[in-house]
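K.L.:
Provide a 3D model corresponding to the input given below.
(2 chains)
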2 protein chains.
Amino acid sequence: MNEPRRRGRPVELDLERVAGAAMQMFRERGYDEVTMEDIARAVGHSRRTIFRHFPTKSALVWAGTERFVDSLRSEIAATDPSLPAIDAVRIAYVTATELPPGTHEITRQRLLLIGENHTLHSDGILRFAAVGETIREVFVEREGIDPRGLEAAIVGDAIVHAAHDAFVWWARHGEGEPGPVIDEALRRLGSGFRDR
Amino acid sequence: MNEPRRRGRPVELDLERVAGAAMQMFRERGYDEVTMEDIARAVGHSRRTIFRHFPTKSALVWAGTERFVDSLRSEIAATDPSLPAIDAVRIAYVTATELPPGTHEITRQRLLLIGENHTLHSDGILRFAAVGETIREVFVEREGIDPRGLEAAIVGDAIVHAAHDAFVWWARHGEGEPGPVIDEALRRLGSGFRDR
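P.N.:
Residues are numbered from 1 along each chain as shown, chains lettered A, B, ... in the order given. As a prediction, the model looks like this:
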């Protein structure tokens, strides 16, 4: 309805630009204060167009993580197959969380927002589950654990939550790249939180 | 309004009975199909009375876990202070998740429901955070880790999610008591998911 009219080809929605603009508004005015209507107006699209790509406000915040599972999966496949699963996952996680140039600040903003908003965090549960499933598969394949057994049921969540918390910690306290922070977090987990 | 009238003392709400009745209805008819109205009618109280104690449907499901943090805290305090934090937490978790006689079936039903419903699971995030905070404190006290450091930021979630998944695994596959399952899960975590 408010769609700017152009002749010829349909209006292309730049998803990253929309998510980026939304993030900035969330940080400036508070996540709960910004409506989808506000975001649509700011980026010059109809609410309907925005909703087609981002069914909820939280989808705008989590948008950056959508390709993460694919990326983690291919990084795992690229590791030395003789490595223990926990180390393969750690190494792959570090590479898969590398940020493209120029995206550090927006990623930091996104993680800070998730870190301070429990509702937003809990909206990530399904995404965490998808990453956890990928991790579980590595353990089944490399360590031969029973796919229906107890260890398979716990290992994905333990790792994905530790890695997510490390990523939020980086956003709050870290300098430079998140890689070394994720690496250190998964090393601590991989030592059973022992041997200091 | 629909409150059954009695003379003299006010109507006492038996919270466990209400939560138990709700659980049974959720399992029989499906969590999404049962309304607060249905539950109120089934237990013979007004919707308002139920809402006063259980502000959401998910609070009825999570009700059983309310005293868990206190219990975990006192079990941790009762462990040998020379034990590594990870082992103190594991031993305390096993004791704190012991089920009172006659509550196994309802606990199993509750965990199955949480295990199959992502929304319900994500409603537990705040409760997980409270348990995670308690775990973090044990590591700060016993291992001297920096309370604002990376390890303190990840250890609580890693353990609480692994333990929760183990509890759900017990509800699905376990026989007898949940204790040995929680114990085994936290031993696997405490070995860094290595040394099979």
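K.L.:
Let me see the contact set for the residue in chain A positioned nearest to chain B.
P.N.:
Nearest to chain B in chain A, going by Cβ to the nearest Cβ, is residue A:122, at a distance of 3.6 Å. Glycine gets a C-beta too; all of them are placed from N, C-alpha and C. Going by Cβ atoms under 8 Å, 6 or more residues apart in numbering or on different chains, residue A:122 touches B:122, B:123, B:125.
K.L.:
Leaving out sequence neighbours, find the closest residue to the residue positioned nearest the centre of chain A.
P.N.:
Centroid-nearest residue in chain A: residue A:65, 3.3 Å away (criterion: Cα atoms, centre = their mean). Nearest residue to residue A:65, sequence neighbours excluded (Cβ to Cβ, 6 or more residues apart in numbering or on different chains): residue A:127, at 5.9 Å.
K.L.:
and that neighbour, what is it in contact with?
P.N.:
Taking Cβ under 8 Å, 6+ apart, one finds A:62, A:65, A:68 in contact with residue A:127.
K.L.:
For the last one, grab the count of nearby residues.
P.N.:
If I follow you right, that is residue A:68. 17 (other Cβ atoms under 10 Å in any protein chain shown).
K.L.:
ok, the closest residue to it other than its chain neighbours to residue A:128 distance?
P.N.:
Using Cβ to Cβ, 6+ apart and skipping residues adjacent in sequence, the residue nearest residue A:68 is residue A:96, 6.3 Å away. Distance of residue A:96 to residue A:128, given as Cβ to Cβ, to the nearest Å: 14 Å.
K.L.:
What ranges does chain A have for its helices?
P.N.:
With DSSP state H applied, chain A shows helices at A:15-29, A:36-43, A:47-53, A:57-62, A:68-77, A:85-96, A:104-116, A:118-122, A:125-143, A:150-173, A:179-190, listed in chain order.
K.L.:
got TSV for the ones you listed, with mean pLDDT too?
P.N.:
Shown next, in TSV, are those (pLDDT from 0 to 100):
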stretch	mean pLDDT
helix A:15-29	91
helix A:36-43	95
helix A:47-53	92
helix A:57-62	92
helix A:68-77	95
helix A:85-96	97
helix A:104-116	92
helix A:118-122	86
helix A:125-143	94
helix A:150-173	97
helix A:179-190	98
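K.L.:
Residue B:21 is nearest to which of these?
P.N.:
helix A:118-122 (26.6 Å; Cβ to Cβ).
K.L.:
domain assignment for chain A?
P.N.:
Chain A breaks down into these domains under automatic domain parsing: A:15-61, A:67-190.
K.L.:
can you pull the contacts of the residue nearest to residue A:92 when sequence neighbours are not counted?
P.N.:
By the measure of Cβ to Cβ, 6+ apart, the closest residue to residue A:92 outside its immediate chain neighbours is residue A:75, 3.6 Å from it. Neighbouring residues of residue A:75 by Cβ under 8 Å, 6+ apart: A:91, A:92, A:93, A:95, A:96.
K.L.:
Among the residues you listed, which one is most surrounded by other residues?
P.N.:
Most surrounded of those: other Cβ under 10 Å gives residue A:93, at 27 neighbours.
K.L.:
my guess is that residue contacts residue A:160, does it?
P.N.:
No - Residue A:93 lies out of contact with residue A:160 (Cβ atoms under 8 Å); the separation is 9.3 Å.
K.L.:
from the contacts of residue A:75, which single one is nearest residue B:51?
P.N.:
Nearest to residue B:51 among the contacts of residue A:75 is residue A:93, at 43.2 Å by Cβ to Cβ.
K.L.:
Could you check how far that closest one is from residue A:34?
P.N.:
Here the criterion is Cβ to Cβ. By it, residue A:93 lies 31 Å from residue A:34.
K.L.:
what does residue A:13 give?
P.N.:
Counting by Cβ to Cβ - residue A:13 and residue A:34 are separated by 18 Å.
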